[in-house]
Structures are given as C-alpha cells and as structure tokens.
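> Return a 3D structure for these sequence lines:
(2 chains)
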Amino acid sequence: MDTFITWLQATRLSQAIVYNTWVWPACETLHFIGLALIIGSVGFFDLRLIGFFRRVSVSAARELMPIAIAGFALNLSTGLVFLIGHPEQYAHNIAFWYKVGSLALAGLNAAIFEMWVGARTVHLAAGDDTPLSAKAIGVVSIVAWFSVLVWGRMLPFIGNAF
Amino acid sequence: MMAWLEGTALATWVRESPSLWAYPTILTLHTVGLGIVVGASAVVDFRLLGYARRVRLVDLSPLFALMAWAFLLNAATGMLLFMADATTKSRQPVFYIKLSLIFIALLCTFGTRRIIRAGNPDSGAGAASPNGARLAVASLLLWAGAITAGRLMAYL
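Down below sits the predicted model:
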C-alpha cells in the first residue's frame, strides 16, 4: 500500500493537483454540490419507497435518478482528484474506510433493489403502499448515504485529512 | 462585540473542545442540513425545468417543510460556527457574500413555493411556466454560489 502511495504521489497528475492550489477548493466545492444532488434525489426516492409522498408513483419518482447519477459522477471524479492528490491522508484514515464501506453498502443496497425488489415496486401507482422489502431498501439507502456524508466530513477530525 | 462573542463559554467550547461532539459534529450537521436544503430545492427546481414530468408539482410541496427544518438546523449550527471564530469570520467579505446568496436563494424558494401552491393540482404533466423555469435556474445558481462561498471561507 505505501509503495503504491509513494508511486502515486510521484505521478505528474498528483503533483499537478497539489501545485495548482485552486484545484483543491474547486473540487471541494463541486463535491459539496454533488452531495446535495445525491441527497436530494436519492433521498426523495427513498422516502417514496418508505411510504411517504404516496401521491407520486414509484416510477415517476424514479425519473429523478439521472440527477443522482450526475451527482455521483461529479463526486466520484472529484473524489478521485483528492485521492490522487493526497493519497497518504486517506490510506491510513479510518474515517475514509468507513466512508468507502458506507458507499459499498449504498451500492449493494441499490443492486438488490435493481435485481429483486424493484420489479415489485416500479409498477406501483400513486396512492399504493410499498412492500416491506422496499421500505427496508429505502431506510438502508438513507442511512448509508448520510453515513457516507458524515464520514467524509469527519475525515479531517478523525484522521488527518484536510 | 465580536471578541466578546468569541470569548463566551459556548464559543470557546465549540472552538477548543477536543471532543468530536463539539466543532466536528456541528460542522457535520451543517453539511447534513446543506444536503437536505439544497438537495430538496434542486429536486423542485429540476421538476420546474421539466425533468421528471410525471411527478406532479403539487405533490412536491411537503418538501418545503423538510427544507424549512433543515434550514433551521443550518441557521443554528451556522451561528455556533460563526461564534467560534467571530472576529475572523466577521471580517471575511466572502462570508457576507454567502449570507446574501442564501438570502436571495430563500426568496426564490418562497417564489417557487407560491407557484407550486397556486398551480392546478391536476396539471401534472404540463411544462413549467417560464416564470417557474427562471426562478428554478436562479435558485440552482444561487445555492451553488452559496456552497462555493461557504467552501471558500476556509481558503480566503
């Protein structure tokens, strides 16, 4: 791991990120905008799965997902900039690994929804209640995404990232 | 005044306590609130711009209550964060830019709420009114600006 970190830090890309001092604050700003896009759109869909906003059909609520994907693409790319720029401050930071774990949980949860639960819910019309499995997916998703946010925000305080 | 504020027991605790429940948790709650306020607002704004047209605008109105609670959370945590470094933050131009952007963004939010509440509840699939679309663009840009100004407070 440490050999990889040293190699990464020596790459031209990593050094460009560090030496151009505007890159870091610019990517942080985009990362915060992306997090709002994810929380808003995923959160709304999760609340519908849990049983709120019943006047919206599940498939209509799902039409907000491109916003979530855009937010995720933004945060994945800016997150990679942070990782490539200063890999040393994440690799041994427990908060970072909790964040990665929370992301994995959110991803696994979404995959379970897509493969099994989704088929039982997308046809639900306005007014229909959701099955327990969908409610569980919604709760896990909200908890996982807020957990991603919390561990990310805690990176400077639990570890030594900035 | 700012020095006094910064010297209060509460401000000192926020700033100097080594506990993760002090500054780090307050800052994290401020980010949680940001996600809810700006995220919910973005959902309404994108709908006003014509995305997810099968969602009826009127059905989004409970989001405004959610935004209000999250905004209160951020007003409270924001005041605590300000107190902790009152002398520095009160001298940062970007801090006043942030507050102004939030103020105008809130005016847009009240505007979109009025449009949504005045709308015919059955007009679900229709395109957004030009007025609604303009407000939505303004709101998206203003909140993005407020986030940018807030983030730059750590750098300027």
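
> so A:G85 sits right up against A:Y19, yeah?
No. With contact defined as CB atoms under 8 Å, A:G85 does not count as touching A:Y19 (9.7 Å). Any C-beta I mention is one placed from the backbone N, CA and C, and that applies to glycine too.

> List the residues that contact the residue most central in space within chain B.
With distances taken as CA atoms, centre = their mean, B:V37 lies nearest the centre of chain B, 5.0 Å away. Neighbouring residues of B:V37 by CB atoms under 8 Å, 6 or more residues apart in numbering or on different chains: A:36, B:67, B:70-71, B:74, B:143.

> Three-state assignment for whichever residue of chain A sits closest to chain B, please.
Taking CB to the nearest CB as the measure, the point where chain A comes nearest chain B is A:G40, at 2.4 Å. When classified by DSSP: H, G, I helix; E, B strand; the rest coil, A:G40 comes out as helix.

> what about the nearest residue to it once chain neighbours are set aside, distance to A:Q15?
Residue nearest to A:G40 in three dimensions, not counting chain neighbours: B:G39, with 2.4 Å by CB to CB, 6 or more residues apart in numbering or on different chains. Noted for B:G39: a distance of 35 Å to A:Q15, by CB to CB, to the nearest Å.

> More neighbours: these two, which one.
B:G39 (27 against 13; other CB atoms under 10 Å in any protein chain shown).

> so who does that one touch?
Taking CB under 8 Å, 6+ apart as the test, what B:G39 contacts is A:36-41, A:43.

> What distance do you get for it to A:L149?
In terms of CB to CB, B:G39 sits 11 Å off from A:L149.

> Please apply the same query to B:A68.
20 Å.

> Which one's more surrounded, the two?
Higher neighbour count among B:A68 and A:L149: A:L149, with 21 against 14, using other CB under 10 Å.

> Could you double-check that the more buried one lies in contact with B:G33?
No. Counting by CB under 8 Å, A:L149 does not reach B:G33; the two are 10.8 Å apart.
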